[in-house]
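> any chance you can model this:
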Amino acid sequence: MSARCAIVTDAAADLTSAYVEKAGGLQVLGFPYVIDGKSCLACVGDTMSGFYGAMRSGAVSVTSSISPGAYVDCFTEHVRNGDEVVYFGLAAALSGSFSSAGLAKEMVCAEQPDARVHLVDTRRASVAQGALVAEAVRMRDEGASAADIASWALGARDATIGHFTLDTLEHLRRGGRISDVAAAAGSMLDIRPMLTFTAVGELTLNGVVRGRKRSIKALADNASGAPQDALLFVGYADCEDDVCLLEEMIASKRADLRMERCEIGPVIGTHVGPGMLAVAYTESGK
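The predicted structure is shown next:
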């Protein structure tokens with residue numbers, strides 16, 4: 001009898017509690033952050049209005065890394081249950097958590113040499129990370145092994161498309177990604193950045209547009225590139241009216257697409273602030 005495949009990811013994937021429950025057997029690790037000096041853990045199903053309300057009022061949020069100990073506990077439990085593990089982590093280029101997962105794997109395998117723990121640096125974040133995880137869940141449900149899923153994912157991550165736009169450049173300025181002058185100029189000109197991922201998983205500027213509605217239209221155009229009948233993940237950060245408009249624009253272009261709406265959690269929200277919108281899908285199926 002083959003071992004069960006346990007798929008694990010982290011809260012940076014911004015998957016909804018409804019999706020995680022429906023997926024069955026998908027574990028989502030909490031992700032630590034600190035807001036205004038208070039230590040918190042980002043988890044599936046968090047209510048985000050308070051977090052973004054605090055940010056709008058000037059609260060400072062800082063993310064941390066998942067500890068090696070948290071990974072050891074997770075991997076050990078699955079191994080003892082006879083599972084093989086595939087962990088889909090937030091891009092290593094964006095967080096030190098993936099390094100912690102690697103250290104934890106070494107510790108677990110040293111204690112239990114028969115352990116099978118596969119680590120996948122998704123090179124993605126937020127709903128793009130979630131889109132890759134969702135395809136892995138589908139493969140698992142169709143009988144794919146942990147080793148097959150892990151091998152597939154190394155190619156599929158490059159074929160997982162994610163596009164983002166922000167309502168303001170202020171949070172990029174605070175994080176040192178752009179200068180004070182550029183942020184001020186962008187604000188005066190109503191510039192909205194369009195972002196995507198590099199080959200190694202860093203965020204990169206993919207263009208700029210003038211005005212919020214044009215940036216939403218640009219995202220809808222990006223989503224139009226999804227494969228036929230694809231599952232499209234749509235992310236939003238405290239901007240429900242805008243995400244509704246985005247979904248309407250997408251549906252008018254591609255009625256075949258299934259959309260999974262996800263609220264952007266603290267891990268990503270810390271760095272982009274309220275008003276972020278995102279679309280993501282994977283072009284690589286089983």
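> mind listing the strands in the stretch 1-150 of the chain by residue range?
Chain-ordered strands for the stretch 1-150 of the chain, with DSSP state E, counting those that start in this stretch as the definition, fall at 4-10, 26-29, 31-35, 38-42, 61-63, 83-89, 117-121.
> pairing partners for the second one, with directions?
Here strand 26-29 is paired, per DSSP bridges, with strand 4-10 (parallel).
> got the angle for the strand it pairs with vs strand 83-89?
20 degrees (axes from the mean of the first three to the mean of the last three CA atoms, to 10 degrees).
> mind listing what's buried along strand 4-10?
Burial within strand 4-10, assessed by neighbour count using 16 or more other CB atoms under 10 Å, is assigned to 5, 6, 7, 8, 9, 10. (Glycine included, C-beta is placed from N, CA and C.)
> contacts for that strand next, please.
By CB atoms under 8 Å, 6 or more residues apart in numbering, the surrounding residues in contact with strand 4-10 are 15, 23, 25-31, 66, 74, 78, 81-90, 97, 129-130, 133, 136-137, 140, 144-146, 149, 267.
> same thing with stretch 48-67?
Contacts with stretch 48-67, where a contact means CB under 8 Å, 6+ apart, come from 10, 29-36, 95-97, 99-101, 237-238, 263-267, 269-271, 273-274.
> can you check stretch 253-264 too?
Residues beyond stretch 253-264 that count as contacts (CB under 8 Å, 6+ apart) turn out to be 14-16, 19, 48, 126-127, 130, 134, 220-221, 223-224, 226, 228-237, 243, 247, 250-251, 272, 276, 278.
> just the buried ones among these, please.
Using 16+ other CB under 10 Å, the buried ones in those are 14-16, 19, 48, 126-127, 130, 134, 220, 223, 226, 230-237, 243, 247, 250, 272, 276, 278.
> where in the chain is pLDDT low?
Screening the chain residue by residue with the criterion pLDDT under 70, one finds the ranges 1-2, 169-189, 285-286.
> and the residue nearest the centre of it?
Nearest to the geometric centre of the chain sits residue 126, at 1.8 Å (CA atoms, centre = their mean).
> quick check: that residue touching residue 11?
No: the pair residue 126 / residue 11 is not scored as a contact, 10.4 Å apart, by CB atoms under 8 Å.
> ok, now how distant is residue 96 from residue 14?
Here residue 96 is placed at a distance of 19 Å from residue 14 (CB to CB, to the nearest Å).
> residue 257 too?
Using CB to CB, we find residue 257 at a distance of 18 Å from residue 14.
> before we move on, what about residue 216?
In this view, residue 216 and residue 14 are 19 Å apart by CB to CB.
> now do residue 31
Using CB to CB, residue 31 is found at 10 Å from residue 14.
> and residue 13, what does it touch?
Residues in contact with residue 13, defined by CB under 8 Å, 6+ apart, are 28, 88, 90, 126, 127, 129, 130, 133.
> contact partners for the last one?
With CB under 8 Å, 6+ apart as the criterion, the residues that contact residue 133 are 7, 9, 13, 15, 26, 88, 122.
> taking those residues, tell me the two that lie furthest apart.
26 and 122 (14.4 Å; CB to CB).
> which one of these two has more residues nearby?
Under the criterion of other CB atoms under 10 Å, the comparison of residue 26 against residue 122 puts residue 122 first, with 29 against 22.
> can you tell me the SS state at residue 238?
Assigned with DSSP: H, G, I helix; E, B strand; the rest coil, residue 238 falls in the coil class.
> surely it touches residue 277?
No: in terms of CB under 8 Å, residue 238 does not count as a neighbour of residue 277; the distance is 10.7 Å.
> between these two, who's got more neighbours?
Neighbours of residue 238 and residue 277, each counted by other CB under 10 Å, are more numerous for residue 277; the result is 27 against 21.
> can you report phi and psi for the more buried one?
Per-residue torsions, residue 277: phi -130, psi 150 (degrees, to the nearest 10).
> list the contacts for it?
Applying CB under 8 Å, 6+ apart, the residues contacting residue 277 are 164-165, 215-216, 219, 234-237, 239, 242-243, 246.
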